[in-house]
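*Asks:* Provided below for reference: sequence and predicted model.
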Amino acid sequence: MKGSYVLFFVMVVTIPVFLAINAWQANVSGALRNEIRRLERAQENLVEKNMTAAAGVANLLAIDRLENDAVSRLGMTRMRPEDVTLIVMGGDDHGQ
């Protein structure tokens with residue numbers, strides 16, 4: 001008889017403890033789920049910014065743009081073949 005009271009007492013005490021632990025675990029899981037969503041949104045924003053920056057760098061390094069900047073900002077012009085002088089120094093006269 002005394003054993004059944006002890007068993008009943010243990011059940012009465014442990015069931016609310018297990019329910020409280022379950023509620024706490026659900027709360028922690030919900031908080032972690034929200035944090036994961038927040039981090040995923042932040043990651044998506046960073047990936048988008050990275051893609052925009054990469055496109056900007058590609059635009060800055062485009063040959064046409066560099067040539068236009070060289071002409072407009074620095075007054076440079078594209079070399080023509082007739083403006084190039086080939087100078088050969090030293091060496092053997094191979095076949096000439």
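*Replies:* Good, I have the coordinates. Residues are numbered from 1 along each chain as shown.
*Asks:* Which residue would you name as the spatial centre of the chain?
*Replies:* Centroid check for the chain by C-alpha atoms, centre = their mean gives V47 as the closest residue, at 4.6 Å.
*Asks:* Which helix or strand contains that residue?
*Replies:* Element membership of V47 [criterion: DSSP states H and E] is helix 2-60.
*Asks:* Can you name the element that comes right after that helix?
*Replies:* Following helix 2-60 in sequence, per DSSP H and E, is helix 63-74.
*Asks:* Next, the angle helix 2-60 makes with that following helix.
*Replies:* 60 degrees (axes from the mean of the first three to the mean of the last three C-alpha atoms, to 10 degrees).
*Asks:* and helix 63-74, what's its mean pLDDT?
*Replies:* In this model, helix 63-74 has a mean pLDDT of 87.
*Asks:* which residues are contacting that helix?
*Replies:* Applying C-beta atoms under 8 Å, 6 or more residues apart in numbering, the set of residues contacting helix 63-74 from outside is 59, 76-78. All C-beta atoms are positioned from the backbone trio N, CA, C, and that covers glycine.
*Asks:* Farthest-apart pair in those residues, please.
*Replies:* Taking C-beta to C-beta as the measure, those reach their widest spread between N59 and T77, a distance of 23.0 Å.
*Asks:* tell me, how many neighbours does A70 end up with?
*Replies:* Residues within reach of A70, counting by other C-beta atoms under 10 Å, total 13.
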